[in-house]
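A.B. asks: with the input below, show me the fold.
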Amino acid sequence: MTKEERQLVYALATKKIEPADFLERFHSSDGRILCAELLNDAIRSKNSEDVEWALIVGYTFGFSDQHLNTLLFLSGERWHFKHEDVVTALGRLKTPRAVKALAAATQWVPEYLDHDESRALAVKAIWAIGGIAGPEADSALTELSASGDPILADTARNQINRRKSSSLATDGLDR
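C.D. replies: Numbering: from 1, shown residues only. Coordinates of the predicted model:
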């Protein structure tokens, strides 16, 4: 991403430019496609700063299934610093295909988050799992509820209880 492109994303993030004007100046007609392109460019160059800028575009225009594989890939990559945002984006997709990556995000603490005793990445991942319907999410939450880490176990149990009251859990039924 060029310096000028980053400045445009900054202007978008700070609401100094309207989304339609942003797209026009970026020579794009679709913010979701642009986000996918920017994320893939960031991956190719392994530019952690560009991952952040691309995710801002995604949070503005939305994420869709076209972003899934890229976000899954980024969730396990250690060269960038936006794992919490990637996990949140995966949670917005609400797809059972993300459960495995989200569960994996609960099991490691990136070096740059080593100081975080509240385990924000893991908690966000558990919340994301909690928002996904189906047996994959049920199973992951059940496993996490038995964790030796009280933060993980308590958060997973809270999500299990929340799901029971909102009918996201499958209880063995096809939904």
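
A.B. asks: residue 16 is in what secondary structure piece?
C.D. replies: Residue 16 is part of no helix or strand when elements are defined by DSSP states H and E.

A.B. asks: what sits against residue 76?
C.D. replies: Residue 76 sits next to 101, 104 when contact means Cβ atoms under 8 Å, 6 or more residues apart in numbering. For the C-beta atoms, the positions are set from N, CA and C on the backbone; glycine is no exception.

A.B. asks: please redo it, this time with the cut-off set to 10 Å
C.D. replies: 83, 86, 101, 104-105, 108 (Cβ atoms under 10 Å, 6 or more residues apart in numbering).

A.B. asks: closest to residue 160 out of those?
C.D. replies: residue 105 (18.2 Å; Cβ to Cβ).

A.B. asks: shouldn't the closest one be in contact with residue 144?
C.D. replies: No: assessed by Cβ atoms under 10 Å, residue 105 is found out of contact with residue 144, at 11.1 Å.

A.B. asks: circling back to that earlier point, would you reformat the contacts of residue 76 as TSV and include distance to residue 117 and pLDDT?
C.D. replies: Shown next, in TSV, are those (distance: Cβ to Cβ, whole Å; pLDDT from 0 to 100):
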residue	distance to residue 117	pLDDT
83	17	95
86	21	98
101	24	98
104	20	97
105	17	96
108	15	87
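
A.B. asks: which one of these has the most neighbours?
C.D. replies: Counting neighbours by other Cβ atoms under 10 Å, the top entry in the contacts of residue 76 is residue 86, with 29 neighbours.

A.B. asks: now name the helix or strand holding it.
C.D. replies: helix 83-93.

A.B. asks: for stretch 111-123, how far is the first residue from the last?
C.D. replies: Across its full length, stretch 111-123 reaches 17 Å end to end, with Cα to Cα, to the nearest Å as the criterion.
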